[in-house]
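Participant: have a look; sequence and predicted model below, questions after that.
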Amino acid sequence: MQPSLALQDDQEHLPSLLATDAKELSYQLQQHQAKIFPPLSQKTIRTFSPAEAAAFIGIGEGYLRQVAADGHGPDPLANGRRLYSATDMDRIRRVLDERNGTPKYVPARRTGEKLQIISVMNFKGGSGKTTTAAHLAQFMALRGYRVLAVDLDPQASLSALFGHQPEFDVGEGETIYGAIRYEEPRPIADIVRATYTPNLHLIPGNLELMEFEHETPKAMASGTAETMFFARIGEVLTEIESLYDVVVIDCPPQLGFLTMSALCAATSVLITVHPQMLDVMSMSQFLTMTSELMSVVEKAGGRTSYDWMRYLVTRFEPNDGPQSQMTGFMRAIFGNRMLHNAMVKSTAVADAGVTKQTLYEVERSQFTRGTYDRALESLNLVNGEIEAHIRSTWGRK
């Protein structure tokens with residue numbers, strides 16, 4: 001006798017439970033968001049000390065004081081100190097280049113230098129992928145580059161970090177799906193948003209990105225797509241190529257059509273990995289699947305050659321013996337394909353994320369000084385190393 005399909009009294013209807021929980025969670029998140037950032041408030045990037053500003057500009061702190069004293073910096077505070085905004089740093093870069101007569105401090109692309117598109121990816125969640133992408137995009141903007149961050153993950157954590165809550169702030173067709181969909185695509189320029197960080201723009205994400213995974217097989221089966229799925233992101237980015245120096249794409253944590261399109265659009269690839277055995281084993285499977293899929297895409301005409309590809313160790317705990325051993329194990333295998341610097345695990349990064357902020361936004365005074373300084377040093381070393389790869393690709397020192 002077949003068991004009854006009717007729900008027993010002690011059974012729970014999963015779709016109804018999930019829908020109810022999702023609705024309540026969304027409401028409570030909205031209330032939490034309102035407490036952290038009231039409706040009329042806007043996120044802002046903090047000001048920077050002379051030492052920080054000098055490092056971002058690329059000059060000595062003494063020289064910065066001289067430039068500020070000449071009238072090109074912010075007004076001093078009551079205590080005589082100066083704090084520099086991102087706009088102040090941009091202005092000083094232009095002043096220095098005008099003085100020198102050469103484009104040294106404004107780092108924008110020059111004739112013959114191609115747009116750098118970096119896809120940040122991993123198959124396994126929890127590898128620090130979004131944290132890496134967010135801090136890299138913001139660091140490059142603070143260094144003076146024109147940056148576009150693209151949130152390709154339907155969970156849209158990158159968007160939330162940059163002040164765009166996916167449930168409330170991102171409407172239909174306002175993700176990159178609006179520009180790459182097969183029917184009635186929008187111009188990509190219509191969906192790019194400014195952020196509170198000068199030089200940094202965003203294409204946000206939300207759940208509608210999953211539509212690309214559903215629609216692509218239908219388009220392939222019907223043969224109606226003018227452009228193959230793997231070429232669509234790269235194609236739309238060419239429409240706004242002249243506006244940016246660097247594009248950072250936060251890929252979803254799975255090997256779907258979106259990720260493959262991001263890989264084919266990329267000029268460089270950054271793979272994040274947490275140095276623990278299960279994560280590394282998972283990455284082994286991820287690399288095998290990626291290689292096989294990319295071979296198929298290559299035969300269909302997709303781009304599969306890159307300026308550079310690097311592995312980045314994330315959430316690294318230097319005093320953890322097994323993690324150090326695993327990192328050494330990977331360095332022995334991958335050699336110079338691993339970044340020299342690792343992203344150190346820090347409560348400062350995690351605590352900043354609670355209020356949906358990056359470490360470049362929170363005030364140092366909110367943390368134990370040593371904890372904050374170690375975390376920021378780690379971030380700057382990693383991002384500086386990636387910047388060096390970008391500049392090397394352009395043929396700069």
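Facilitator: Looks like it came in fine.
Participant: how about the strands in the stretch 51-200 of the chain?
Facilitator: In the stretch 51-200 of the chain, the strands defined using DSSP state E, counting those that start in this stretch lie at 116-121, 147-151, 193-194, 200-203.
Participant: list the contacts of the third one.
Facilitator: Right, the one you point to is strand 193-194. Under the contact criterion CB atoms under 8 Å, 6 or more residues apart in numbering, strand 193-194 has outside partners 164, 201-204. For the C-beta atoms, the positions are set from N, CA and C on the backbone; glycine is no exception.
Participant: average pLDDT for it, rounded please.
Facilitator: Summarised as a single mean, pLDDT over strand 193-194 is 94.
Participant: can you check the longest one too?
Facilitator: With pLDDT averaged residue by residue, strand 116-121 scores 94.
Participant: give me the sheet partners of that strand and which way each runs.
Facilitator: With DSSP bridges as the test, strand 116-121 is paired with strand 246-250 (parallel), strand 268-273 (parallel).
Participant: give me whichever of the ones you listed is most buried.
Facilitator: Looking across the strands paired with strand 116-121 with neighbours counted as mean count of other CB atoms under 10 Å, the highest average goes to strand 246-250: a mean of 28.
Participant: quick one, what contacts residue 255?
Facilitator: 123, 286, 289-290, 293.
Participant: I figured residue 263 hits residue 269, correct?
Facilitator: Yes. Contact status for residue 263 versus residue 269: in contact at 6.8 Å, counting by CB atoms under 8 Å.
Participant: which neighbours do the two have in common?
Facilitator: By CB under 8 Å, 6+ apart, residue 263 and residue 269 have these common neighbours: 119, 121.
Participant: could you dump stretch 154-169 to CSV, C-alpha only?
Facilitator: Taking C-alpha atoms only, stretch 154-169 is exported to CSV below (Å, rounded to 0.1, in the frame of the first residue of the first chain):
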residue,chain,number,x,y,z
PRO,A,154,22.9,36.3,-6.2
GLN,A,155,23.5,36.5,-2.4
ALA,A,156,24.7,40.1,-3.1
SER,A,157,27.0,40.4,0.0
LEU,A,158,29.3,42.8,-1.9
SER,A,159,26.3,45.1,-2.7
ALA,A,160,25.3,45.1,1.0
LEU,A,161,28.8,46.0,2.0
PHE,A,162,28.7,49.0,-0.3
GLY,A,163,25.4,50.2,1.0
HIS,A,164,22.9,48.6,-1.5
GLN,A,165,20.6,46.1,0.3
PRO,A,166,19.5,43.6,-2.4
GLU,A,167,16.0,43.1,-1.1
PHE,A,168,15.2,46.8,-0.9
ASP,A,169,17.5,48.9,-3.1
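Participant: could you give the mean pLDDT of that stretch?
Facilitator: If you average the pLDDT over stretch 154-169, you get 88.
Participant: quick check: buried residues in that stretch?
Facilitator: 154-167, 169 (16 or more other CB atoms under 10 Å).
Participant: which helix runs longest in the chain?
Facilitator: Secondary structure assigned by DSSP state H gives helix 369-393 as the longest helix of the chain.
Participant: re earlier: now intersect the buried residues of stretch 154-169 with the helices, please.
Facilitator: 157-161, 166-167, 169.
Participant: which residues touch the closest residue to residue 88 other than its chain neighbours?
Facilitator: Nearest residue to residue 88, sequence neighbours excluded (CB to CB, 6 or more residues apart in numbering): residue 74, at 5.1 Å. By CB under 8 Å, 6+ apart, residue 74 lies in contact with 68, 82-85, 88.
Participant: pull the most distant pair out of those residues.
Facilitator: Based on CB to CB, the longest span within the contacts of residue 74 runs between 68 and 85 and measures 12.6 Å.
Participant: which one's more surrounded, those two?
Facilitator: Neighbour comparison, residue 68 and residue 85: the larger count goes to residue 68, with 19 against 16 (by other CB atoms under 10 Å).
Participant: my guess is the more buried one contacts residue 82. True?
Facilitator: Yes. Look at residue 68 against residue 82 with CB under 8 Å: they come within range, at 5.7 Å.
Participant: what touches both of the two?
Facilitator: 50, 74.
Participant: any idea how far residue 368 is from residue 83?
Facilitator: The spacing between residue 368 and residue 83, counted by CB to CB, to the nearest Å, is 21 Å.
Participant: and the two? Which one has more around it.
Facilitator: residue 83 (17 against 11).
Participant: can I get the strands of the stretch 51-200 of the chain in JSON lines with mean neighbour count?
Facilitator: Formatted as JSON lines, the strands of the stretch 51-200 of the chain follow (neighbours: other CB atoms under 10 Å):
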{"stretch": "strand 116-121", "mean neighbour count": "26"}
{"stretch": "strand 147-151", "mean neighbour count": "28"}
{"stretch": "strand 193-194", "mean neighbour count": "13"}
{"stretch": "strand 200-203", "mean neighbour count": "24"}
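Participant: can I get those strands in CSV including distance to residue 321?
Facilitator: Below are these laid out as CSV (distance: least, CB to CB, whole Å):
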stretch, distance to residue 321
strand 116-121, 28
strand 147-151, 36
strand 193-194, 45
strand 200-203, 39
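Participant: which residues are contacting the helix or strand hosting residue 218?
Facilitator: Secondary structure assigned from DSSP states H and E places residue 218 in helix 210-222. Identification of contacts with helix 210-222 by CB under 8 Å, 6+ apart yields 154, 177, 180-182, 225, 229, 256-258, 261.
Participant: by neighbours, which of the residues you listed wins?
Facilitator: residue 261 (29 neighbours).
Participant: what secondary structure does that residue sit in?
Facilitator: helix (DSSP: H, G, I helix; E, B strand; the rest coil).
Participant: how close does the nearest residue to it once chain neighbours are set aside sit to residue 50?
Facilitator: Spatial nearest neighbour of residue 261, excluding adjacent residues (CB to CB, 6+ apart): residue 233 at 4.4 Å. Per CB to CB, residue 233 is found 40 Å from residue 50.
Participant: who has more neighbours, these two?
Facilitator: Under the criterion of other CB under 10 Å, the comparison of residue 233 against residue 50 puts residue 233 first, with 27 against 17.
Participant: with that, I have no additional questions.
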